[in-house]
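Visitor: Generate a structure from the sequence data that follows.
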Amino acid sequence: MSDIPTDLDWIRAAPENATGPGPWIEIAFTEDEGPEAPVYIRETSDPDNVVTTNRRKWDAFVLGVQAGEFDHFVEGVELDLDPTPEK
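Guide: Numbering: from 1, shown residues only. Reported below is the predicted structural model:
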């Protein structure tokens, strides 16, 4: 049995001009506060597969992204915002 709340408000992390179904990452926070409050992460193409972390770890990850700590993972990758599938 899943301990993931069913009433979460999922926030889609997609580029501002993005259209189409993605897949995109979605994040949901509970009303709980504090560093141990749960944070839920899923991908739109597999919404039943949810990863859970806490607010302290999520905040550290976001700060790392902002600081460029993960830029090496996307070197040479181009973002394609065209929702038209290739033929």
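Visitor: tell me which helix or strand of this protein sits lowest on mean pLDDT?
Guide: strand 11-13 (a mean of 92; mean pLDDT, DSSP states H and E).
Visitor: Run the chain-centre distance for it.
Guide: Put simply, strand 11-13 sits 6 Å off its chain's centre (C-alpha atoms, centre = their mean, to the nearest Å).
Visitor: which outside residues touch it?
Guide: By C-beta atoms under 8 Å, 6 or more residues apart in numbering, the surrounding residues in contact with strand 11-13 are 22, 24-28, 44. All C-beta atoms are positioned from the backbone trio N, CA, C, and that covers glycine.
Visitor: Can you show me the helices along the protein?
Guide: Counting by DSSP state H, the chain has helices at residues 55-66.
Visitor: residue boundaries of the strands in it?
Guide: Using DSSP state E, the strands of the chain run over 11-13, 25-29, 38-43, 46-54.
Visitor: of all those strands, which lies closest to residue 77?
Guide: Nearest to residue 77 among the strands of the chain is strand 25-29 (15.3 Å), distances taken as C-beta to C-beta.
Visitor: wouldn't residue 40 be in contact with residue 52 here?
Guide: Yes. Judged on C-beta atoms under 8 Å, residue 40 makes contact with residue 52 at a distance of 5.7 Å.
Visitor: Now the common contact residues for these two.
Guide: Residues touching both residue 40 and residue 52 (C-beta under 8 Å, 6+ apart): residue 4.
Visitor: quick one, which of these two is more surrounded?
Guide: With neighbours defined as other C-beta atoms under 10 Å, residue 40 and residue 52 compare such that residue 40 has more, 18 against 12.
Visitor: Apart from its neighbours in sequence, what residue is nearest that one?
Guide: residue 28 (4.4 Å; C-beta to C-beta, 6 or more residues apart in numbering).
Visitor: circling back to that earlier point, just put the contacts of strand 11-13 in JSON lines and tack on distance to residue 8, pLDDT and neighbour count.
Guide: Output for the contacts of strand 11-13, formatted as JSON lines (distance: C-beta to C-beta, whole Å; pLDDT from 0 to 100; neighbours: other C-beta atoms under 10 Å):
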{"residue": "22", "distance to residue 8": "18", "pLDDT": "81", "neighbour count": "15"}
{"residue": "24", "distance to residue 8": "16", "pLDDT": "91", "neighbour count": "15"}
{"residue": "25", "distance to residue 8": "14", "pLDDT": "93", "neighbour count": "15"}
{"residue": "26", "distance to residue 8": "9", "pLDDT": "95", "neighbour count": "20"}
{"residue": "27", "distance to residue 8": "9", "pLDDT": "97", "neighbour count": "17"}
{"residue": "28", "distance to residue 8": "4", "pLDDT": "97", "neighbour count": "18"}
{"residue": "44", "distance to residue 8": "14", "pLDDT": "92", "neighbour count": "14"}
